[in-house]
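[1] what follows is a protein structure lacking sequence information:
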């Protein structure tokens, strides 16, 4: 059910973006640019939420929030900030004025949509008149903690038995360092999880036990140090006794209704009229849960607008015409934030050549044939998630403590992040390759391989040089902190982790990483790769094509008579032309195809596995969309533009990038000579 939302922001571009995001999710949006109009609207219409920008025409955003609370004490408030501020200000906004969410520019559409949707779905608001903090985000966190605490209480006897067995084996085998290290690891994990679950007596005693186990591993200690082992045995007895006391005296946790927490799951929309999985079915893709969202073609756009999707599969046989699925695919990819959403199609028979052009233009990354087997569906979804670019931030949690990992995944998932857990450090490289995370959260003390070694291993691989790595561990000594940075870590957080601190540090690292990457690789105007970054990616594609013997096609495009556009309609109008072509190229084709701005008014695309014939057909459809677009000059004049393109395929037209670009450029020139507004694929 749609909610009433007021957007109060003088920055029209941001307001328009948020309007698009929220209207796509079925909400009713009103926009104002001054504080007086915002106050009047809240008095008259009582919206469920008001989104306040940094600056309005007559007041700043923080000043408006203060005034709002004299009018309504219950309306949810989201503040869009231009910059990071002192912690005291955030505390004032959240505690004194009940701001439910603070978002920092630049806005990431999918993440913002998920965060606002989470706030709007809460049944109760912050009521400052009663001094009651009913913030649902905190309630969700409390429920997750209650569930984790219940699991820990149930698992504690078994954990104690495992620790007891490890201690007995270590003492009976003097000099068996791995067994002593295993006992230390178990004590370490118990310390961290017990502290998180508020079993403080257990946490403190486990910490003392871990320290004693570390001491007996020192070189100067004799293997048969009976006194030290006697102390360890006494500490374990104390640990068991304290665990029994805490289990007995613990007040029964409030019963919390089990509500599926799907926030950290990948979400795949499966569109068709035939047999579909039940709503909410999940698929285990390694340690990443995938939630399948079935939909009819009629409901697909609504479901896509109301959910932060990670991939879409469309059944081509679910409609009388094959064009309907194609149109649906293009409409979904045209939604704000879904320009790089991977798409797949399901079809009864082998794909025909005519289908190939349409599906390439619509953005199909793969085809699955009916009858659809569960394994084929799982493999197809895995491929789509692997080629996903952008979208929700991806976080890989590497920690052998499954309970703690689940709590972290729940905390991050509720902020719109996609989380995968890896409990075996020896699987880290395969998890990295399959998931391609934007950030790694890494424990230090794990079996066989330490977190420090995992970090060094990742930093030794050029692909993961710049991936942010944050250590999460119960080890808090100065030596451990220094070792984390020496191994290549970017940050360090001790367990138990405060959710607000975890989220803040993760967001800061993600934003900084994204900013550095986009500043180095992306053209600001078109949003496409710059020439250097494009060439690097195509060189990798070329090496793959040589190795696996497949074809790909390069298309070099040039906007027709662009100098005339600038001279006649103004340079800002020319910028709008280039920006629209960049946006079209981002929305069309598949996410794994490579798009770049070659320079000036020239653009370039490399289509993986596609011949010149298919590329030409798909590019002709983009050309038709582009020349049918209406542009406005700097003085309001209307005009339209076309482009000309030359094609070259590997290996037919060359076996190096230089040869392919040279051939495509020659054909582009022939197209210009022949009258422009065309695609040339042969001499």
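    On my side now, so go ahead. Note that this is a predicted model, so its numbers are computed, not measured.
[2] what segments of the stretch 401-550 of the chain are helices?
    In the stretch 401-550 of the chain, helices defined by DSSP state H, counting those that start in this stretch lie at 402-413, 428-435, 451-459, 478-486, 499-521, 531-548, listed in chain order.
[3] can you tell me which of the ones you listed is most buried?
    When neighbours are counted by mean count of other Cβ atoms under 10 Å, the highest per-stretch mean among the helices of the stretch 401-550 of the chain falls to helix 402-413, a mean of 22. Where C-beta positions appear, they are placed from N, C-alpha and C, glycine not excepted.
[4] just checking, what packs against it?
    Helix 402-413 makes packing contacts with helix 136-172, helix 177-196, strand 394-398, strand 418-422, helix 499-521 when contacts are defined by 3 or more Cβ pairs under 8 Å, 6 or more residues apart in numbering; DSSP states H and E.
[5] if we go to 6 Å?
    Packed against helix 402-413, as judged by 3 or more Cβ pairs under 6 Å, 6 or more residues apart in numbering; DSSP states H and E, are the following elements: helix 136-172, strand 394-398, strand 418-422.
[6] dump the ones you listed into TSV; add mean pLDDT, distance to residue 178 and mean neighbour count as well.
    Formatted as TSV, the entries for those read as follows, by pLDDT from 0 to 100; distance: least, Cβ to Cβ, whole Å; neighbours: other Cβ atoms under 10 Å:
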stretch	mean pLDDT	distance to residue 178	mean neighbour count
helix 136-172	73	9	17
strand 394-398	90	20	25
strand 418-422	86	22	25
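[7] separation between residue 440 and residue 452?
    Applying Cβ to Cβ, to the nearest Å, one obtains 13 Å for the distance of residue 440 from residue 452.
[8] any low-confidence regions in the stretch 1-150 of the chain?
    With pLDDT under 70 as the threshold, the stretch 1-150 of the chain has low-confidence stretches at 1, 24-25, 85-87, 106-115, 117-118, 121-148.
[9] those strands in it, which residues are they?
    Ranges of strands in the stretch 1-150 of the chain, per DSSP state E, counting those that start in this stretch, are 4-8, 28-32, 49-52, 76-81, 99-104.
[10] make TSV out of these and add distance to residue 617 and mean neighbour count.
    Supplementary listing: the strands of the stretch 1-150 of the chain in TSV, determined by distance: least, Cβ to Cβ, whole Å; neighbours: other Cβ atoms under 10 Å:
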stretch	distance to residue 617	mean neighbour count
strand 4-8	41	23
strand 28-32	39	17
strand 49-52	43	24
strand 76-81	43	23
strand 99-104	42	19
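[11] select, out of the ones you listed, the one closest to residue 566.
    The closest of the strands of the stretch 1-150 of the chain to residue 566 is strand 28-32. By Cβ to Cβ, the value is 32.6 Å.
[12] my read: residue 596 touches residue 532, true?
    No - with the criterion set as Cβ atoms under 6 Å, residue 596 and residue 532 do not qualify as a contacting pair; they are 9.3 Å apart.
[13] now residue 42: how far from residue 77?
    Relative to residue 77, residue 42 is positioned 10 Å away (criterion: Cβ to Cβ).
[14] identify the bridge partners of the spatially closest residue to residue 272 that is not a sequence neighbour.
    Nearest non-adjacent residue to residue 272, counting by Cβ to Cβ, 6 or more residues apart in numbering: residue 315, 3.1 Å away. For residue 315, the residues forming beta bridges with it (DSSP bridges) are residue 346.
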